[in-house]
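Student: I'll drop the sequence and a predicted model, then ask my questions.
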Amino acid sequence: MAEDKELRYDPAQIEEKWQQRWAADPKLYAAGAPSGESAKPKYYVLEMLPYPSGQLHMGHVRNYSIGDALARHMWMRGYNVLHPMGWDAFGLPAENAALKNNTPPRDWTLANIAAMKRQMQRIGFSYDWATEVTTCLPDYYRWNQWFFLRMYEKGLVYRKQSKVNWCPECATVLANEQVVDGCCWRHETTRVEQRDLEQWFLRTTHYAQELLDGLDHLDGWPEKVRTMQRNWIGRSEGAEIEFRFERSIKDMLEEQSGEARPASTQAHETIRVFTTRIDTIFGATSVQLAPEHPLVTELAEHDHGLRHQVARLIEEQKKARESGDLGAIEKHGVPTGHFAVNPFNNELMPVWVANYVLMDYGTGAIMSVPAHDERDFEFAKKYAIPIRRVIAPADPNAVEPELPFTSEDGILVNSGPVSGISCATAQKQLAEIAERSAFGKATVTYRLKDWGVSRQRYWGTPIPMIHCDHDGLVPVPDDQLPVLLPDSIEITQQGGSPLARVPDFANVTCPRCGRNARRETDTMDTFVDSSWYFYRYTDAKNSTAPFDSAIAGYWFPIDQYIGGVEHAILHLIYSRFWTRVMRDLGLIENDEPARRLFTQGMVIKDGAKMSKSRGNVVSPDDMVARYGADATRMYALFAAPPDRDLDWQEDGVAGVSRFLGRVYRLVTRHAPAVRGSSPSSPQSQSTLEVTSTSLKLRRKLHQTIAKITLDFEGRWHFNTCVAAIMELVNELHAADTELTSGAVPALILRDLLRTLALLLAPFAPFLAAELWEELGEEGTILRAPWPQSDPGLAKEDELQIPVQINGKLVTVVRLPTGSTRDQMQSTALADDKVRARLNGTSPAKVIVVPGKLVNLVVK
């Protein structure tokens, strides 16, 4: 009983001991300086920084456990490792908390950061806190403002009117996530409106093609993420064509009678259309405009009936956007009564307004070719618009296909001078004709739009611009940065930005003319903060620049970036854009922020993703208190491959804790016998009198080393790494009698136990450190060399060979390693189960795969 008590595994005691020791050594997880560590290869491993909501959840723990295991492994492999952590600390929840709890956003945020940092330290994540970044502090967001000004100088920042979500009752702009079923999240029966406001934009489209091309070189990124980004960027090759706008006969008669010509026809002499199928232009039978097209707005000013119907189309389109089902919208439209002229054949076509045409794609106007486009066909059938076939199958003997015929593998018919040629050839020729005739040109468009960064909220980076009645828009001079957020402010989420109601902030002297001016009161989108934070980690205390270019040049690109696939679009595209901007500013040389990206699966419970609204959240604190940090993080790695969803089961954490207890008792029980022995090598071990048990255990040990090393280098199946360690421990337990009796030499036993601690170190660092000390090892296990597998020792003495008959498994035979084909065949044929199945007949054919299998073909 006394011995059992002495060997009881107490994770709380062990982990508190090592947490205190590690906290007392600020250099433990520090990366070496580039100049001092030049002999070591660098490795920058990074998990995406969290929003400081106040509590870690198990999704965080899983994400950070993956990165932590990798960082610890690379330290042990001799790399100079940078493994930082920070806080994406601006955002709307802080303002909500200020309203709910009457707590200033800064105080709420910093308190949450302190709480989450304590949790991370308790779990034992190996972060270098000297590089910590907090994006809501002036020493960080001043550089957001500095970058904004550099982009403004380069023409990458501009201001224009843009549609925003507006709650009439709140009298403020809402983020997309605050719009629930078309209503305000705070006022559930108040419909959200679309309003036009002056907004600041970053010109992401300037890099659209480069962002697209760069995906071809990101071999270390998941194909799913690259596909999502390609679709989001959305390159479309086609042509822009100018259709001459013709007024209705009614308008022309009114002009002849002396009435003023409508403003719409004065402002729009042509309608510019983008099409990817210029080869079908002879089949165009109408032109359709988006409900928010400027020409529609102007036409509706002079036509009350049209204005009413267009408003209905806008509402339909808005509802479809909010439901996320815009592509399946029931198609409705209204004729304007006006016409457009096809420049290729001078045909007069009616101009319609259609709810399925989007202002934010192409030019907001399309030529409708119902015979060769499914949406146009549906619309034309509904409104009896003519349908004209202009593409036929390339095979003249083919059956005439049903309409709409959307294939581009065909030839043109009913298309004037280009009839009889292929679609591809026609596309090129018609674009050339349009350009020669000055009514069009070949062009490329992108689905990617410029990034609107204005937010009418308090808790964000102030935009460093000044509005002067005399000099217009004036940038804040660099020596006046940062533009600081006021500490004391009333947040009501009513009446626009709270900053506009703070005279000491809003009222300012123009730095250019010295007159009274007004500071910009919008703040930046929080995605700005997360677009470049990983560069700041490399030089987090720099007060004269965002970072030192030489230091960033040493560490970048990131060797391994880890985060959720939900960030595949916005964050990862914005960060790739920001990297290119910094490159063109001369700050860095790399084109991409990260060489490799890993997207971990979600943590689910009771069949759904963990969330407070579902009531299925599991607190890491509870798990750590019950089972220990090592068991909690090791379960997060063991329960599923890291790229798959993990179905949380507390029994599984308890099981891992029991396993770690077995390891602890195994090592501590035998540690006294090996503590004084000298380090051994395979060469020194070979001189010992080695028993079959020793050989078997050494073989299993080196097989385990090889497997875990391979997994770290490749597929990252940490679940099978942990399983391999469990198998090794099972074999050690099975040989406990031999270990206790001394049948296994002390040098070999020491090597077995020492290596077991090393293999555990990336997954259960607290226990590994404790075992390392118990074994009498010196120094920190974090800097101990990773064990090397000896292929000779890992090699099996005999193999298990499956024997099949007609491809179906019959039995498994054992053969010495290196057996010949004849030996494999004769052993298989001599097996009792095989002989019974053959029943005296001979196989028609014997297939032998050396070292793998024997298959008997029987007729």
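Tutor: Here it is on my side, so go on.

Student: do a quick rundown of the helices in the stretch 351-500 of the chain.
Tutor: Taking DSSP state H, counting those that start in this stretch as the test, the helices found in the stretch 351-500 of the chain are 374-383, 423-436.

Student: in JSON lines, list the ones you listed along with mean neighbour count.
Tutor: Where you see a C-beta, it was placed from the backbone N, CA and C, and this is true even at glycine. As requested, the helices of the stretch 351-500 of the chain are exported to JSON lines (neighbours: other CB atoms under 10 Å):
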{"stretch": "helix 374-383", "mean neighbour count": "18"}
{"stretch": "helix 423-436", "mean neighbour count": "18"}
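
Student: with Pro417 as the reference, name the closest of the ones you listed.
Tutor: Relative to Pro417, the nearest member of the helices of the stretch 351-500 of the chain by CB to CB is helix 423-436, separated by 8.7 Å.

Student: packing partners for the closest one?
Tutor: Applying 3 or more CB pairs under 8 Å, 6 or more residues apart in numbering; DSSP states H and E, we find helix 423-436 packed against strand 235-246, strand 410-412, strand 440-446.

Student: of the helices of the stretch 351-500 of the chain, which approaches Asp525 most closely?
Tutor: For Asp525, the closest of the helices of the stretch 351-500 of the chain is helix 374-383, at 32.7 Å, according to CB to CB.

Student: helices and strands around the closest one, which ones?
Tutor: Using 3+ CB pairs under 8 Å, 6+ apart as the contact criterion, the elements in contact with helix 374-383 are strand 333-341, strand 365-368.

Student: which of those strands sits most buried?
Tutor: Using mean count of other CB atoms under 10 Å, the stretch among the helices and strands packed on helix 374-383 with the greatest mean number of neighbours is strand 365-368 (a mean of 25).

Student: what strands line up against it, and which way round?
Tutor: Each strand that strand 365-368 pairs with, and the sense of that pairing, follows from DSSP bridges: strand 286-289 (antiparallel).

Student: for the partner strand, what does the pLDDT average out to?
Tutor: Here the mean pLDDT over strand 286-289 is 97, rounded to a whole number.

Student: show me where pLDDT drops low in the stretch 1-150 of the chain?
Tutor: Applying pLDDT under 70 to the stretch 1-150 of the chain flags residues 1-6, 36-38.

Student: pLDDT below threshold where in the stretch 601-750 of the chain?
Tutor: 612-613, 677-690.

Student: could you redo the last one with a cut-off of 50?
Tutor: Under the criterion pLDDT under 50, the flagged ranges of the stretch 601-750 of the chain are 681, 683.

Student: which residues of it fall in strands?
Tutor: 603-605, 608-609, 646-647 (DSSP state E, counting those that start in this stretch).

Student: go through those strands and name the closest to Thr406.
Tutor: When the strands of the stretch 601-750 of the chain are ranked by proximity to Thr406 (CB to CB), strand 608-609 comes first, at 38.0 Å.

Student: residues in contact with the closest one?
Tutor: Contacts made with strand 608-609 from outside it, assessed by CB atoms under 8 Å, 6 or more residues apart in numbering, are listed as 602-603, 614, 616.

Student: select only the buried ones of those residues in ChimeraX?
Tutor: Taking 16 or more other CB atoms under 10 Å as the burial criterion, the selection of buried members of those in ChimeraX is written as:
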select :602,603,616
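
Student: let's have the contacts of strand 608-609 in CSV, adding distance to Lys318.
Tutor: Written out in CSV, the entries for the contacts of strand 608-609 read as follows (distance: CB to CB, whole Å):
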residue, distance to Lys318
Met602, 31
Val603, 35
Arg614, 29
Asn616, 34
